[in-house]
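[1] Only the shape, not the letters, is given here:
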């Protein structure tokens with residue numbers, strides 16, 4: 001499989017790790033759109049949100065638990081945003097389910113400016 005995020009998980013592509021356990025890996029985005037911009041990905045390859053099902057939804061639940069843990073430990077007391085894109089039209093460029101954790105600035109809302 002030629003998946004960038006699978007290669008990051010395997011250690012074949014370097015990344016700046018923020019968190020890791022047996023189910024997920026979190027790392028700094030190389031093109032941040034906020035002062036804090038992390039990606040949280042499942043270690044199991046799931047191509048995107050449209051492929052979430054009963055068998056793999058445990059990864060999504062765990063990702064949100066990890067996001068809350070990271071936010072608490074890093075002091076995102078003013079809030080944070082979690083975003084996922086699904087498909088080309090939504091801006092998904094790596095076809096491995098991933099969630100953007102954004103913090104460190106006040107954010108507005110616009111489909112044009114969303115991650």
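    Perfect, thanks for sending it. Remember, it's a predicted structure, so these values are computed and weren't measured experimentally.
[2] Can you tell me which residue is spatially central in the chain?
    residue 99 (2.6 Å; C-alpha atoms, centre = their mean).
[3] For the longest helix out of those in the chain, buried residues please.
    For the chain, the helix that runs over the most residues, judged by DSSP state H, is helix 57-74. Buried positions in helix 57-74, judged by neighbour count with 16 or more other C-beta atoms under 10 Å: 59-60, 62-63, 66-67, 70-71. For every residue, glycine as well, the C-beta is placed using N, CA and C.
[4] With stretch 9-28 instead?
    9, 15, 18-19, 24-27.
[5] between the residues you listed, which is closest to residue 76?
    Lowest distance from residue 76 to those (C-beta to C-beta) belongs to residue 18, with 12.6 Å.
[6] Leaving aside the residues adjacent along the chain, what's closest to that closest one?
    Of all residues beyond its chain neighbours, the one nearest residue 18 is residue 26 (4.4 Å), with distances taken as C-beta to C-beta, 6 or more residues apart in numbering.
[7] so what's that neighbour up against?
    Residues in contact with residue 26 (C-beta atoms under 8 Å, 6 or more residues apart in numbering) are 17-20, 38-41, 66, 70, 101.
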